[in-house]
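J.: pasting the structure only:
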């Protein structure tokens, strides 16, 4: 539905370079990247609020690279919502209809509909300055959606919120999209947010798109160490592929050999997910081909599990339940065995 | 070591009311609360930068409620570090020694020591405007610690950082504290941060301290529904204690009866932790006294597990591994049984 | 503790000296003439008509500057172009050019010796010794107050508000009239007020463009040079009192002052 | 598309008209006299000594105001107290009081008829018809430029920077001199520059305090009334040129203009 080709914009602090994107009808598409990487400018380019130096944007095959924003029929919600402070909630929501010269009765009808959808009937005459973060977000969404835009652009819509509210509103966004099916581009720096909402994710780094794909795909198979680190992958190491008969290993710098299944050769990165590693006091005799002895050097409480750091020559992060920790009596300094399958090692 | 008694300050937007705290020598004490609840002002009160309306502050028994900040011998690091932009890194770090009139040679000696501790030798002549977030934090800490303060005050020192850097610097803070053992008060709105760093936590809400204790204690046994929700506890319900012979239940509004172990009576809150709940297709015959049938109404991917919402009359959140989800073939709409022990229900 | 108190004492003392330097002459001027003298002076036709003339001329100057100055302020706040710093410097020039030189310069352009003046004269608009000339002189010296204040106001409005308006279907004109302009209302009002008050005060440029009809500052000068301090001070007191009253009244009407920042 | 272009065209046109209104008289004044006339005028002792006198008097006024005005600006930026809005209004008063009335008011306080003037006179400091009087007049009308700019500068400095300094052991005086003051350097410089330039331009207040020694604006006025436009315009052109040159030179020296905001 939206095709972006070679979009480039040079700015003072950073550049947007050669962006290619292909977003499907009704898709919830998340662009994920660290702050200060030009994500907002990319949205503004799509909206027509900023002119690209090069490249083209197509909606349904029609080119609109040169079209002014008011003729693109988009909805945009900024991070801090940008409600018009001199208008009340109702006037904010109907702004898009007024500037289009929509008649009063028709405006009222559209208002009623959108207001019911967002359950904000009680806010209509309120001053926007006294709204909570969640209410502001709903009003901003209502204002953007009342004109039935072809595409909804969301600029970090959740990052200004407290953790509690955030989760609630994330659910709301998901429901909303399931209901209206408006094609949505959502930008964020929070991987969990992307994971919870996205049909597909594009990862942006230094003004470039470095990986695009389904959320699980990106999490499980990052294509670069930047993506791996950014999405919070633990246990990422670099080493060289060794072939010993049938078996393949990656040898790390310190000589540690990890059994893997791969067709790659030479220098590679590898990832072992913390939840794929087993801890035991005795060597674990099983089909798993990687078993190392190490010392527990750190124990950290996480929200719903415990994170162990085990030094097996390299520091390996392992997740276990608080229950197991207690049962096994694991403390700092104890020696344990870590076991994981060769097929659980992702090589790239 | 630090005793705060009845500290009260009225401000335009909010009040700090009747704060009592007792912080031990060498303790890493975290004050946790939502944004806009007056946490920064509390730090500024302790530092003497803001005068309290009422209440007293003691360091080691000596009252310093009226003492100006420059005579309290504290170190303070603000959220955005507040490095002096007109001074370079070295001048920033030695500022505290200069204003105290410390001699040049002694300054150089102290500088060398602190700079080695923070591994920032290479930054000394740099302009502070060109430092990364992590470097800024280290310089701010070095500046605060070079005067060997009795107490270190940290105002959301990690919240201005990207998720990746954040975790690294959180580790550094922990190491630093283990090494220097400076009594530290750290304020934050991030429960995970508190969990990872704190010896003890105080939870602040609307300008009051609502609960103080060890991190695990607060997480497992929140004393109010505010604390429970704030620390991200799921499955918190309200109901009335029923006694049937030997057994005690809490009856929820919709008639659901949950077996509990408690001495309380009347209206209570209860919490069932998502990781304490088992999922099965058949009723689970075991010692667990709570077993309900319900429908899976939502499935959400989380970083290292899957979050199910099961409707058993109330919506219950259950964590399972991605592995179990696949193995059991759980999808939205399937009927399952949830099982948990009476002793796993926390009543308050 | 003594050192602290000492610093604060010296600091406050210097600040108070500055305030006394401003306030004392004004208070002395206003209280220096007896109420009877003031009342009888107000009743002189020459006095009250000169005050009215001053108010009116400055008002007209402000209105013209609003029409021309708001677009300029908006463009400077929103558009980046080479030479912008230069243009911002040009807007400050009226403040630094000697007032009598301003009068001379305006005469050279709007007098009949120059083509611009001749064109206006041909259209029936004369400036020298006329109300129009007073307006020009007042406008020239006071417009930086309006333009700079309005520019700062536009700068303070998040450009994303206008961008949201555009995304919602507003044309550039609609985004300006429905979002930027109403949000800048306060700065426009306070800038106009400052400009109007600054216009009232002008003497050097006005006296060269038009000695007659006599504005209040010119009248004060004339009475001073012809009759001395005693006869000029009641007129000066009346002018200061009236402009103070109008200024305060408008400020109160305008609502609160630009809010004191919270720290 | 046509509507969009129309809006932008009208807008730019109005802005350009405003710029022409400011620039045209200045350009005409500066280019209106032949270089020979200008050079021979500069060589007149009366001309160059009046320009020097003007520069010097305004410089002294600025230095005194720095001493008294920086503490005032700092207190207004940092301390909240009842009546603060009133005091901020008082600082703006010199802008709105008619210049000739300023002269009258200063005469009434610093003349020998009032005790303040008598005390100064007893100490050997006279104002009327003296360099000191010119300094007072210039200082009164131009100090709001300095105080307001410096105040805005202090407001723009995060108070947490000073609080960190205090927590590191700095006394209030150390926090001020080592943190607040150096960080406000740019605003202090540009405020001083504006004040100095505004002082140069004053005519009404100066002419009442001291017709002699003659400042440049007074000299321009005298030549205009005695000999007419032709004889006053070279002096006006020289004064405008020199103050422009000094102003631009100092600004360049001061480094970049307060940065244009990024959007």
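T.: Arrived safely, thanks for sending. The structure presented is a predicted model; accordingly, all values stated were derived computationally and were not measured.

J.: A helix includes residue C:198, no?
T.: Yes - membership of residue C:198 in a helix is supported by DSSP: H, G, I helix; E, B strand; the rest coil.

J.: any idea how far chain A is from it?
T.: To chain A, residue C:198 is 28 Å away according to Cβ to the nearest Cβ, to the nearest Å. C-beta here means a position set from N, CA and C on the backbone, and glycine is covered the same way.

J.: Excluding residues flanking it in the chain, which one is nearest that residue?
T.: residue C:142 (3.9 Å; Cβ to Cβ, 6 or more residues apart in numbering or on different chains).

J.: mind listing what the one you found touches?
T.: Shown in contact with residue C:142 (Cβ atoms under 8 Å, 6 or more residues apart in numbering or on different chains): C:58, C:61-62, C:65, C:94, C:194-196, C:198-199, C:202.

J.: Output the longest strand belonging to chain A.
T.: strand A:290-301 (DSSP state E).

J.: what lines up beside the next helix or strand after that one in the sheet?
T.: Note on strand A:290-301: by DSSP states H and E, the next helix or strand toward the C-terminus is strand A:306-311. Partner strands for strand A:306-311, per DSSP bridges, with pairing direction: strand A:290-301 (antiparallel), strand A:315-320 (antiparallel).

J.: tell me the most buried of those strands?
T.: strand A:315-320 (a mean of 20; mean count of other Cβ atoms under 10 Å in any protein chain shown).

J.: could you say what helices and strands the following helix or strand past it packs with?
T.: Counting by DSSP H and E, the next helix or strand C-terminal to strand A:315-320 is helix A:322-328. Judged by 3 or more Cβ pairs under 8 Å, 6 or more residues apart in numbering or on different chains; DSSP states H and E, the packing partners of helix A:322-328 are strand A:306-311.

J.: Would you mind pulling the contact partners of the strand it packs on?
T.: Here strand A:306-311 makes contact (Cβ under 8 Å, 6+ apart) with A:274, A:279, A:294-301, A:315-322, A:324-325, A:330, A:336, A:338.

J.: Try it again at 7 Å.
T.: A:279, A:294-300, A:315-320, A:322, A:325, A:330, A:336, A:338 (Cβ atoms under 7 Å, 6 or more residues apart in numbering or on different chains).

J.: In stretch A:42-59, which residues are buried?
T.: A:42-50, A:52, A:55, A:57, A:59 (16 or more other Cβ atoms under 10 Å in any protein chain shown).

J.: Tell me which of these fall in strands.
T.: Per DSSP E, the buried residues of stretch A:42-59 map to strands at A:55, A:57, A:59.

J.: how near is the closest residue to residue A:309 other than its chain neighbours to chain D?
T.: Excluding its sequence neighbours, the residue lying closest to residue A:309 (Cβ to Cβ, 6+ apart) is residue A:298, at 3.9 Å. Residue A:298 is 32 Å from chain D, where distance means Cβ to the nearest Cβ.

J.: same question, residue A:123
T.: Distance, residue A:123 to chain D, by Cβ to the nearest Cβ: 30 Å.

J.: same deal with residue C:90?
T.: Taken as Cβ to the nearest Cβ, the span from residue C:90 to chain D is 6 Å.

J.: and the residue of the stretch 151-300 of chain A found nearest chain D, what does it touch?
T.: As assessed by Cβ to the nearest Cβ, chain D sits closest to residue A:155 within the stretch 151-300 of chain A, at 15.2 Å. Remark: with contacts taken as Cβ under 7 Å, 6+ apart, residue A:155 is in contact with A:40, A:43, A:77-79, A:187.

J.: just residue A:31 next, same as before
T.: A:39, A:42, A:185, A:187, A:202, A:204.

J.: ok so, going back, could I get the contacts of residue C:142 as CSV with secondary structure, neighbour count and distance to residue A:111?
T.: As requested, the contacts of residue C:142 are arranged in CSV below (DSSP: H, G, I helix; E, B strand; the rest coil; neighbours: other Cβ atoms under 10 Å in any protein chain shown; distance: Cβ to Cβ, whole Å):
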residue, secondary structure, neighbour count, distance to residue A:111
C:58, helix, 25, 46
C:61, helix, 27, 45
C:62, helix, 26, 40
C:65, helix, 28, 40
C:94, helix, 24, 49
C:194, helix, 21, 41
C:195, helix, 30, 41
C:196, helix, 26, 42
C:198, helix, 24, 46
C:199, helix, 31, 46
C:202, coil, 32, 52
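
J.: and which of those is nearest to chain D?
T.: Ranked by distance to chain D (Cβ to the nearest Cβ), these are led by residue C:198 at 5.5 Å.

J.: distance of the closest one from residue C:144?
T.: Separation of residue C:198 from residue C:144 (Cβ to Cβ, to the nearest Å) stands at 9 Å.

J.: Residue C:179 now?
T.: Distance of residue C:179 to residue C:144, given as Cβ to Cβ: 26 Å.

J.: While we're on residue 213, how confident is the model there?
T.: Just so you know, I chose chain A. Here, the pLDDT recorded for residue A:213 equals 91.

J.: Chain C was what I was after
T.: pLDDT at residue C:213 comes out at 92.

J.: Next, work out how far apart the residue lying closest to it once chain neighbours are set aside and residue C:211 are.
T.: In space, and not counting its chain neighbours, residue C:213 is closest to residue C:53: 5.7 Å by Cβ to Cβ, 6+ apart. Distance of residue C:53 to residue C:211, given as Cβ to Cβ: 13 Å.

J.: Pick out whichever of those two has more residues nearby.
T.: residue C:53 (19 against 15; other Cβ atoms under 10 Å in any protein chain shown).

J.: which residues does residue A:11 contact?
T.: Under the criterion of Cβ under 7 Å, 6+ apart, the contact list for residue A:11 reads residue A:41.
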